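*Asks:* Everything below, folded, please.
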Amino acid sequence: MDELICVGAIAGSYGVRGEIRLKSFCATPEDIEDYSPLLSEDGKTRYALALTRAVKNGFAARLAGVETKEEADALKGVQLYAPRDRLPSLPDDEYYHADLIGLEVYDTGGTLLGQVKSVQNHGAADLLELQGPGLKGTVLLPFTLAAVPTVDLGARRIVADPPEGLF
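*Replies:* Residues are numbered from 1 along each chain as shown. Below is the predicted model:
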């Protein structure tokens, strides 16, 4: 799983001729087609993908072998992955969400705050969902330069300066 990066998800069927509704998680949404064939989470199923048109909140697309609305509906919720080596390398200040999940988060004094459970985005900016033994539930830490000044992928740790009162 470390070598696969989630680049999209199937949101159901589009029309009655086997097209799917596709959500792209790529920075340039159309680029998802360049990474075809895409893989299932376990890497065992391949999906040859061709975008047909832009639709509200995504794309209509064709998957090889999917010919009917029922076949397309059966794939709803399937996440699509691309091998890391087919994806572009990122600038120093950008990260794939998969690289952040599991990293330990420390405050600027060296105290362990928790571990990154997921990366979420609800429209404004990315949020790191933290979990840990000292936390009652999960905490959402803004993934901004002010709140997260250091990400060290080599050491598998993040240094955070969380907003006052968050922890």
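
*Asks:* The closest residue to C26 other than its chain neighbours: what's it in contact with?
*Replies:* Nearest in space to C26, with sequence neighbours left out and distances taken as Cβ to Cβ, 6 or more residues apart in numbering, is I32 at 5.1 Å. Where you see a C-beta, it was placed from the backbone N, CA and C, and this is true even at glycine. With contacts defined as Cβ atoms under 8 Å, 6 or more residues apart in numbering, the neighbours of I32 are V7, G8, L22, S24, F25, C26, L38, L49, L51, F59, L80.

*Asks:* Check L112 too.
*Replies:* E104, V105, Y106, G132, G134.

*Asks:* for it, which residues make a bridge with it?
*Replies:* Beta bridges link L112 to Y106, judged by DSSP bridges.

*Asks:* helix, strand or coil for the residue nearest to C26?
*Replies:* helix (DSSP: H, G, I helix; E, B strand; the rest coil).

*Asks:* And it, what's its pLDDT?
*Replies:* Looking at I32, its pLDDT reads 94.

*Asks:* Then the one 5 residues further on?
*Replies:* The pLDDT attached to P37 in the predicted structure is 94.
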